[in-house]
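> Need coordinates for the following:
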Amino acid sequence: MTRSKDIKSRESKPSGVVAHLKAGSDLSAAEPDPEMLQNLKDTIDQLPELDATRVVNLHNRIIAGEYEVELKRLTEKLLDLEKDLNR
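Prediction:
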């Protein structure tokens, strides 16, 4: 199986808000669809929490030129991602 076919075979059908948008639904209606709003809330609730302090510290280190990329760690993470995509 080619890589593109493998990736496509693992894609799931869109659900919730994505399916609503792909279906061409009009989002400008005065009354929002309660089911769509619940799906959106559920999707947002599944997102990971952000550590704002850590983000600001990282941003400041990047701006100050103090952030160094750990090339070995980055390489390992990219190889792990590649392996996961090929499953």
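> Chain neighbours aside, what residue packs nearest to residue 61?
Leaving out its chain neighbours, the residue that sits closest to residue 61 by CB to CB, 6 or more residues apart in numbering is residue 67, at 4.2 Å. Just so you know, the C-beta spots here come from the backbone N, C-alpha and C atoms, and that holds for glycine as well.
> Count the residues that sit near the one you found.
12 (other CB atoms under 10 Å).
> quick one: pLDDT of residue 80?
pLDDT, residue 80: 95.
> how about the helix or strand where residue 40 lies: buried residues?
In this assignment (DSSP states H and E), residue 40 forms part of helix 34-45. By 16 or more other CB atoms under 10 Å, the buried positions in helix 34-45 come out as 36, 39.
> So what touches the following helix or strand past that helix?
Per DSSP H and E, helix 34-45 leads on to helix 52-63 as the next helix or strand towards the C-terminus. With contact meaning CB atoms under 8 Å, 6 or more residues apart in numbering, helix 52-63 is reached by residue 67.
> Report the mean per-residue pLDDT for helix 52-63.
Helix 52-63 comes out at a mean pLDDT of 95.
> Pull out the buried positions in it.
So helix 52-63, judged by 16+ other CB under 10 Å, has zero buried residues.
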